[in-house]
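Colleague: Whatever this is, show me its structure:
(one chain, ligands or ions: 2)
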Amino acid sequence: MEKTLSIIKPDAVKKGVIGKIIDRFESNGLRIAAMKKIKLDEKTAGEFYEVHKERPFFGELVEFMTSGPVVVMALEGEGAVLKNRELMGATDPKEAEKGTIRADFAESIDANAVHGSDSLENADREIKFFFSKEEIL
Ligand code: ATP
Ligand code: MG
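Modeller: Numbers count the residues shown, from 1 in each chain. Ligands and ions are numbered 1, 2, ... in the order given. All right, here's what the predicted structure looks like:
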(Lines give C-alpha, C1' and ligand atoms only; values in the text may rest on other atoms or scores of the structure.)
(Ligands and ions follow the chains in the order given, each with its own letter.)
Protein backbone atom coordinates (compact mmCIF):
# COMPACT_ATOMS: atom_id res chain seq x y z
CA MET A 1 0.00 0.00 0.00
CA GLU A 2 1.25 3.50 -0.86
CA LYS A 3 2.90 5.55 1.87
CA THR A 4 3.84 9.21 2.26
CA LEU A 5 5.65 11.30 4.84
CA SER A 6 3.84 13.99 6.78
CA ILE A 7 5.34 16.49 9.20
CA ILE A 8 3.24 18.64 11.53
CA LYS A 9 5.46 21.73 11.62
CA PRO A 10 6.45 23.78 14.73
CA ASP A 11 3.70 26.40 14.26
CA ALA A 12 0.92 23.80 14.36
CA VAL A 13 2.49 21.91 17.27
CA LYS A 14 2.72 25.20 19.26
CA LYS A 15 -0.93 25.97 18.48
CA GLY A 16 -2.03 22.62 19.90
CA VAL A 17 -3.68 21.31 16.75
CA ILE A 18 -1.80 17.99 16.40
CA GLY A 19 -5.00 16.04 17.10
CA LYS A 20 -7.11 18.10 14.72
CA ILE A 21 -4.61 17.60 11.90
CA ILE A 22 -4.28 13.85 12.55
CA ASP A 23 -8.09 13.63 12.47
CA ARG A 24 -8.04 15.00 8.89
CA PHE A 25 -5.77 12.13 7.86
CA GLU A 26 -7.62 9.37 9.71
CA SER A 27 -11.03 10.63 8.55
CA ASN A 28 -9.87 10.56 4.94
CA GLY A 29 -8.51 7.06 4.61
CA LEU A 30 -4.91 7.67 5.67
CA ARG A 31 -3.66 5.33 8.38
CA ILE A 32 -0.74 6.22 10.66
CA ALA A 33 1.92 3.59 10.00
CA ALA A 34 4.65 5.36 12.04
CA MET A 35 4.77 8.43 14.24
CA LYS A 36 7.10 10.38 16.56
CA LYS A 37 7.52 13.83 18.08
CA ILE A 38 11.05 15.19 17.71
CA LYS A 39 13.01 18.44 17.65
CA LEU A 40 15.06 18.74 14.48
CA ASP A 41 18.58 20.12 14.73
CA GLU A 42 20.08 22.31 12.01
CA LYS A 43 22.01 19.47 10.40
CA THR A 44 19.01 17.13 10.18
CA ALA A 45 16.64 19.83 8.87
CA GLY A 46 19.25 20.92 6.32
CA GLU A 47 19.69 17.35 5.09
CA PHE A 48 15.95 16.77 4.92
CA TYR A 49 15.40 19.91 2.82
CA GLU A 50 18.57 19.41 0.75
CA VAL A 51 16.56 19.82 -2.51
CA HIS A 52 15.86 23.44 -1.51
CA LYS A 53 19.49 24.26 -0.61
CA GLU A 54 19.87 26.80 -3.42
CA ARG A 55 16.47 28.45 -2.87
CA PRO A 56 16.54 31.95 -1.32
CA PHE A 57 14.33 30.85 1.59
CA PHE A 58 16.49 27.85 2.62
CA GLY A 59 17.97 29.57 5.69
CA GLU A 60 14.57 30.68 6.98
CA LEU A 61 13.10 27.27 6.27
CA VAL A 62 15.75 25.49 8.37
CA GLU A 63 15.46 28.10 11.11
CA PHE A 64 11.70 27.68 11.22
CA MET A 65 11.76 23.88 11.16
CA THR A 66 14.18 23.84 14.12
CA SER A 67 12.22 26.45 16.12
CA GLY A 68 10.24 23.86 18.08
CA PRO A 69 9.17 20.21 18.11
CA VAL A 70 7.52 18.60 15.09
CA VAL A 71 5.46 15.43 14.65
CA VAL A 72 6.69 13.14 11.89
CA MET A 73 4.41 10.46 10.45
CA ALA A 74 4.33 7.85 7.74
CA LEU A 75 0.78 7.80 6.37
CA GLU A 76 -0.55 4.83 4.46
CA GLY A 77 -3.50 4.56 2.13
CA GLU A 78 -4.64 4.35 -1.47
CA GLY A 79 -2.95 7.15 -3.44
CA ALA A 80 -1.48 8.41 -0.14
CA VAL A 81 0.96 10.91 -1.68
CA LEU A 82 -1.67 12.79 -3.68
CA LYS A 83 -4.39 12.42 -1.07
CA ASN A 84 -2.15 13.99 1.57
CA ARG A 85 -1.26 16.87 -0.76
CA GLU A 86 -4.96 17.47 -1.40
CA LEU A 87 -5.76 17.50 2.31
CA MET A 88 -2.83 19.91 2.94
CA GLY A 89 -3.77 22.55 0.35
CA ALA A 90 -1.46 24.99 -1.43
CA THR A 91 1.97 25.90 0.02
CA ASP A 92 0.81 29.48 0.62
CA PRO A 93 -2.20 29.30 2.98
CA LYS A 94 -3.67 32.41 1.31
CA GLU A 95 -4.03 30.31 -1.84
CA ALA A 96 -5.10 27.10 -0.10
CA GLU A 97 -8.62 25.86 -0.81
CA LYS A 98 -11.22 26.17 1.94
CA GLY A 99 -11.34 23.18 4.25
CA THR A 100 -7.71 22.20 3.68
CA ILE A 101 -5.26 21.90 6.58
CA ARG A 102 -3.25 24.93 5.49
CA ALA A 103 -6.33 27.10 4.96
CA ASP A 104 -7.60 26.21 8.43
CA PHE A 105 -4.42 26.07 10.54
CA ALA A 106 -1.55 27.90 8.75
CA GLU A 107 -0.46 31.53 9.07
CA SER A 108 1.99 32.15 6.24
CA ILE A 109 4.03 30.53 3.48
CA ASP A 110 6.82 29.61 5.90
CA ALA A 111 4.68 28.78 8.94
CA ASN A 112 2.40 26.57 6.87
CA ALA A 113 1.46 23.86 9.39
CA VAL A 114 2.41 20.71 7.48
CA HIS A 115 4.86 19.10 5.12
CA GLY A 116 3.93 16.32 2.73
CA SER A 117 6.02 14.33 0.27
CA ASP A 118 5.46 15.54 -3.31
CA SER A 119 6.12 12.24 -5.16
CA LEU A 120 6.32 8.49 -4.54
CA GLU A 121 10.08 8.63 -4.95
CA ASN A 122 10.49 11.43 -2.39
CA ALA A 123 8.02 9.72 -0.05
CA ASP A 124 10.22 6.64 -0.01
CA ARG A 125 13.36 8.67 0.67
CA GLU A 126 11.69 10.83 3.34
CA ILE A 127 10.15 7.89 5.23
CA LYS A 128 13.55 6.14 5.30
CA PHE A 129 15.12 9.42 6.46
CA PHE A 130 13.06 9.37 9.69
CA PHE A 131 12.01 5.76 10.33
CA SER A 132 13.63 2.33 10.45
CA LYS A 133 11.79 -0.66 9.02
CA GLU A 134 10.91 -1.83 12.53
CA GLU A 135 9.15 1.47 13.31
CA ILE A 136 6.72 1.23 10.38
CA LEU A 137 3.74 -0.87 11.42
P1 ATP B 1 6.48 21.05 1.89
O2 ATP B 1 7.68 20.60 1.12
O3 ATP B 1 6.81 21.66 3.23
O4 ATP B 1 5.42 20.01 1.97
P5 ATP B 1 5.51 22.35 -0.43
O6 ATP B 1 5.92 21.10 -1.14
O7 ATP B 1 4.10 22.81 -0.56
O8 ATP B 1 5.78 22.23 1.11
P9 ATP B 1 7.99 23.47 -1.35
O10 ATP B 1 8.05 24.22 -2.61
O11 ATP B 1 8.51 22.08 -1.31
O12 ATP B 1 6.47 23.51 -0.82
O13 ATP B 1 8.73 24.33 -0.24
C14 ATP B 1 9.13 23.74 0.99
C15 ATP B 1 8.80 24.66 2.13
O16 ATP B 1 9.59 25.83 2.03
C17 ATP B 1 7.35 25.18 2.15
O18 ATP B 1 6.47 24.34 2.83
C19 ATP B 1 7.48 26.49 2.86
O20 ATP B 1 7.45 26.28 4.27
C21 ATP B 1 8.85 26.96 2.44
N22 ATP B 1 8.73 27.90 1.33
C23 ATP B 1 8.42 27.63 0.05
N24 ATP B 1 8.40 28.74 -0.70
C25 ATP B 1 8.71 29.74 0.15
C26 ATP B 1 8.86 31.15 0.00
N27 ATP B 1 8.70 31.74 -1.19
N28 ATP B 1 9.18 31.86 1.11
C29 ATP B 1 9.37 31.27 2.31
N30 ATP B 1 9.24 29.95 2.50
C31 ATP B 1 8.92 29.20 1.46
MG1 MG C 1 7.83 20.17 -0.95
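
Colleague: who in the chain is up against ligand 1?
Modeller: Where the chain comes near ligand 1, counting by Cβ under 6 Å from any ligand atom, the residues are 52, 57, 60-61, 91, 109-110, 112, 115-116, 118. For every residue, glycine as well, the C-beta is placed using N, CA and C.

Colleague: ok, now with 5 Å
Modeller: Proximity of the chain to ligand 1, by Cβ under 5 Å from any ligand atom, involves residues 57, 61, 91, 109-110, 112, 115-116.

Colleague: out of those, which are buried?
Modeller: 61, 110, 112, 115-116 (16 or more other Cβ atoms under 10 Å).

Colleague: Make CSV out of those and add secondary structure and pLDDT.
Modeller: Below are those laid out as CSV (DSSP: H, G, I helix; E, B strand; the rest coil; pLDDT from 0 to 100):
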residue, secondary structure, pLDDT
Leu61, helix, 97
Asp110, coil, 92
Asn112, coil, 98
His115, strand, 98
Gly116, strand, 98
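
Colleague: the helices in the chain, which residues?
Modeller: For the chain, applying DSSP state H gives helices covering 10-15, 18-26, 42-48, 58-65, 80-88, 101-105, 120-130.

Colleague: closest to Val72 out of those helices?
Modeller: helix 120-130 (4.9 Å; Cβ to Cβ).

Colleague: Which other helices and strands does that closest one contact?
Modeller: Applying 3 or more Cβ pairs under 8 Å, 6 or more residues apart in numbering; DSSP states H and E, one finds that helix 120-130 contacts strand 3-8, strand 31-38, helix 42-48, strand 70-76, helix 80-88.
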